[in-house]
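**Q** My questions concern the predicted model and sequence given below.
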Protein chains: 2
Amino acid sequence: MNGAQALIRTLVDSGVDVCFMNPGTSEMHFVAALDDVPEMHGVLALFEGVATGAADGYARMADRPAGVLLHLGPGLGNGLANLHNARKGHVGVVNVVGDHATYHKQYDAQLESDIETVARNVSTWIRTSNDVATVAADAAEAVAVAAGPPAQVATLILPADTSWTEGAEPAAPAPAATPTPPDPDEVARIAAILTGDEPAALFLGGRACRADALVDASRIANATGTKLMAETFPTRIERGAGRVNVDRLGYLAEFAALQLDGLRHLVLVDSKSPVSFFAYPGKASDLVPEGCTVHVLADTAGDPAAALAALAEAVGADPDGATLQRAERPDLPTGPLTAEGVCRAVGALMPEGTIISDEGNTSGLFAPGLTAGAPAHDWLCLTGGAIGQGLPVALGAAVACPDRQVIALQADGSAMYTLQSWWTMAREGLDVVTIIFNNSSYAVLNMELSRVGADAGGEKAKAMLDLTGPDLDFVALATGMGLRATRATTGEELSEQLQAALDADGPSVIEAIVPSIL
Amino acid sequence: MNGAQALIRTLVDSGVDVCFMNPGTSEMHFVAALDDVPEMHGVLALFEGVATGAADGYARMADRPAGVLLHLGPGLGNGLANLHNARKGHVGVVNVVGDHATYHKQYDAQLESDIETVARNVSTWIRTSNDVATVAADAAEAVAVAAGPPAQVATLILPADTSWTEGAEPAAPAPAATPTPPDPDEVARIAAILTGDEPAALFLGGRACRADALVDASRIANATGTKLMAETFPTRIERGAGRVNVDRLGYLAEFAALQLDGLRHLVLVDSKSPVSFFAYPGKASDLVPEGCTVHVLADTAGDPAAALAALAEAVGADPDGATLQRAERPDLPTGPLTAEGVCRAVGALMPEGTIISDEGNTSGLFAPGLTAGAPAHDWLCLTGGAIGQGLPVALGAAVACPDRQVIALQADGSAMYTLQSWWTMAREGLDVVTIIFNNSSYAVLNMELSRVGADAGGEKAKAMLDLTGPDLDFVALATGMGLRATRATTGEELSEQLQAALDADGPSVIEAIVPSIL
């Protein structure tokens, strides 16, 4: 078999059986080899940022990486923003980038570029497979590295002649990394702090936001009076009725400061010590209050669930001492539609097992509160701040969980970065309902313009944050990619359209016309 | 004034008065400063690849760089593919990338990344302006470097605190680089070769494809029997009735080899020695035939027009000895529409001064031949092979030349990468007619799948190159972004719709339903 065939066989044997791709000429042997390994599911994207973001969403829900196939340096560039998001969210991606044949690179052909340099920004593990004899072993290692812990973006650069040369053999799966077990001394030390008198909080991120880990966190909190808090934008948080509800740290540094105020101890559990997203003139970047000590119970290479279980034991928490969210749903919205009304309808109607991909930005602020008591569900956030992630993540999550409903809460401006996701949702027949919050502006930037202290009075400045003239018509855009689409301007319309979309098979788009909340 | 104000004032004083932008929080002071420098025209793009490609198109037509404003590393990533194209086309771009405040970078905030590393792939000149006292001088230098020769992408990284800190002053424009004048000895040596008996060709690229330079090239050809050839994808070629028509080297290595066959001398004039775009099993990468010597009359830092004039003088060419294209137009197409019919209509109807942005890929193969005798016009190609360039380049060219008609010949698959360009065309009211060749496939990849020798029989492989299921409806997509749009399935419809679009003000889209030519 040739290198491409051995590579794909090895990926499948290692548990990677979905590949989101946007191939070009240098990847044609990889594409041809798809038919030789029937277990591999190739998913075509019309833009690379869709493929990389979908791999992120897939891995968050499947708990194992997907593959991505990109075309040379420019293809990697197009996919870079969502690989950045995956890196920041500690999500594993096996990122295969095709390259020119090894002997062709010296000619500096039209598409020649330095792929390793571009990849370095998102990948700690980068390997160029120049040899057909080792490409399969490289692939096996890439999967193991991507899976972690810590999960990460592993980039395998695949020269065209490595793909097409015969004589390759599949490789056995590489051994998975073992998470660092909790350190009993550190657990005991933190237990002593939490059972002491000083105000403390558990700051939960990554795998600590899964349902079982949150139960232990809640037991600890209730046994010790410790505060619970999750990262601002968790990679995946399991929540809803019957689960533990945790408040997330606010996006605005001013709000976050209030939540952290008075703490003397902040215990990180698979999370990063909180800092402001951006710098603002005269405001602090580090959000940890003066006099507060930061402790690490588990890091990205650790085992946060085991660490929380050990800590619960160490503080003598009641096995049944977790506070579980009771089932409750908001009323359906009525009258002129608002962002709050949209979130209300979602909370009222979403079925059990729903996966929410949340890039609602300002319009989505009400969503966590209004869905807290909805049936058990997963919530996926914009981990790395690079917008254009919500639709691809929804797509990937739906591929990972074909039996579950996905709802994408999507801001208008951000949607336009990777709107091509809709076409792949239609092609794959995925149960994704996208709700576009159309407020005709980059609302978050209008807020930021004043927050950074910039003189926001000018017409030219405001025009750069305004999405009218012309208005975007998301119903037409969705129709153009083959999706059912409707527009809602009242709560009643939105509720009816959402229920119909949830009842239907395949993807739908609802354009919710809402005023900006700012 | 603050750093952002001094920066924009310096850009304008240095001749950069258009900035294509997709800003975020860290660029809010730059945005706010737009109102303080009224000469600067900010053009909003909904995706960074639109902004960078538009700057490329602008500079090709204005012969001076535009600015680009991007948001941190992920924004640069999204803009990277079209910066790659600009780099390969030797087009100047002043690429301003906002960054976190200098003191904020240590906190590894959500959007933190290594911008310089990403930029290195497209920029030889990279400067991080950490000091408000020098940011204006840095900007002036960036403009001079971008303008060249050689023209290039100059990347200025702008920390947020440099933007917002007071105490900056505008800087004077930096001196422009002087092109290397032709070397008289080298001109004489090449003249001796061309007047000798051995078969030779002038291989024209970059600035050698402008009308005056081509007249001198034709004079040389006619005086010496030298063959004329242009690069496969010139950055900008001036052509049409009354100008010199030059054949371009074929994209397919097989065709290019025929064109180059038998040559003993190939004289590069602001061009790169021809190589195959991709490697194919068993085929040569270097297209220069055995026994052919390559000479350089002018390189990217040189003065190709002066060099050709000197060479014409040295070979004793007749001042009026150029062969000029006579005016001729094809008949309008009739019956079922084909890609050839679309190109026929363009050749028949395009007005004088039209600017063609050509990313028609396989469907555009007929266009050069069918427009050769149309009124004088400019032709802009996909310089770097990274698709998704055609619509942004059309947008930028229209901003540079508001009094001229722009026609974008656009393949369907490639259009989907940077379709957001349409919204900005509508917003700016630009006279751009986009003709989408909708053949429902990545036709070029179907060809490449067989050319690389891959076994193309598999259904899964073919599905990865197929754009049906669902069909893309470009009329709906264009309508969704506020453009007039129509669909043509016959030659008569296409001709009528094209004439109407040319007569109208503002942008239009025509979706031409055509069979794949492969």
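**A** Alright, I've got the coordinates. Numbering: from 1, shown residues only, chains lettered A, B, ... in the order given.
**Q** Any chance of the backbone angles for residue A:413?
**A** phi -60, psi -40 (degrees, to the nearest 10).
**Q** my guess is it meets residue A:440, correct?
**A** No - using CB atoms under 8 Å, residue A:413 is not in contact with residue A:440, being 9.2 Å away. Yep, even glycine has a C-beta here, placed from its N, CA and C like the rest.
**Q** Now do the shared contacts for the two.
**A** residue A:467 (CB atoms under 8 Å, 6 or more residues apart in numbering or on different chains).
**Q** which of the two has more neighbours?
**A** Using other CB atoms under 10 Å in any protein chain shown, the more surrounded residue of residue A:413 and residue A:440 is residue A:413, with 24 against 17.
**Q** got the contact list for the residue lying closest to that one once chain neighbours are set aside?
**A** The shortest distance from residue A:413 to any non-neighbouring residue, by CB to CB, 6 or more residues apart in numbering or on different chains, is to residue A:442 (4.5 Å). Counting by CB under 8 Å, 6+ apart, residue A:442 makes contact with A:413, A:465-467.
**Q** Same check on residue A:279?
**A** Going by CB under 8 Å, 6+ apart, residue A:279 touches A:285, B:26, B:100-101, B:103-104, B:160-161.
**Q** Let me know whether residue A:394 touches residue A:435 as I believe.
**A** No - at 10.7 Å, residue A:394 and residue A:435 do not qualify as touching, with contact defined as CB under 8 Å.
**Q** shared neighbours, these two?
**A** With CB under 8 Å, 6+ apart as the test, residue A:394 and residue A:435 both reach A:407-408.
**Q** Against residue A:449, how distant is the residue nearest to residue A:413?
**A** To residue A:449, residue A:442 is 9 Å away according to CB to CB, to the nearest Å.
**Q** Mind listing the shared neighbours of the two?
**A** What both residue A:442 and residue A:449 touch, as defined by CB under 8 Å, 6+ apart, is the set residue A:465.
**Q** The lengthiest helix in chain A vs helix B:72-88, what angle?
**A** When chain A is parsed with DSSP state H, its longest helix is helix A:72-89. Put simply, helix A:72-89 runs at 180 degrees to helix B:72-88, going by axes from the mean of the first three to the mean of the last three CA atoms, to 10 degrees.
**Q** Any idea how far helix A:72-89 is from the middle of the chain?
**A** Per CA atoms, centre = their mean, to the nearest Å, the displacement of helix A:72-89 from the mean C-alpha position of its chain is 13 Å.
**Q** How about the lowest-mean-pLDDT helix or strand in chain A and chain B, touching?
**A** Sorted by mean pLDDT, DSSP states H and E, the helices and strands of chain A end with helix A:443-451, the least confident at a mean of 77. Yes - looking at helix A:443-451 against chain B by CB under 8 Å from any CB of the partner chain, the contacts come from A:444-445, A:448-449, A:451.
**Q** for whichever helix or strand comes after that helix, packing partners?
**A** Per DSSP states H and E, the first helix or strand lying C-terminal to helix A:443-451 is helix A:459-463. Contact analysis of helix A:459-463 by 3 or more CB pairs under 8 Å, 6 or more residues apart in numbering or on different chains; DSSP states H and E lists strand B:41-44 as its packing neighbours.
**Q** Endpoints of stretch A:395-415, how far apart?
**A** For stretch A:395-415, the separation between the terminal residues is 13 Å (CA to CA, to the nearest Å).
**Q** Give the buried residues for that stretch.
**A** Within stretch A:395-415, the residues that qualify as buried by neighbour count (16 or more other CB atoms under 10 Å in any protein chain shown) are A:395-401, A:404-415.
**Q** what's the answer for stretch A:415-431, then?
**A** Neighbour-count burial for stretch A:415-431, with 16+ other CB under 10 Å as criterion, is recorded at A:415-428, A:430-431.
**Q** among those residues, which are in reach of chain B?
**A** A:416-417, A:419-420, A:423, A:426-427.
**Q** Among these, which ones are in helices?
**A** Filtering these for helices - DSSP H - leaves A:423, A:426-427.
**Q** Looking at those, which one is closest to residue B:356?
**A** Comparing these against residue B:356 with CB to CB places residue A:423 closest, at 27.7 Å.
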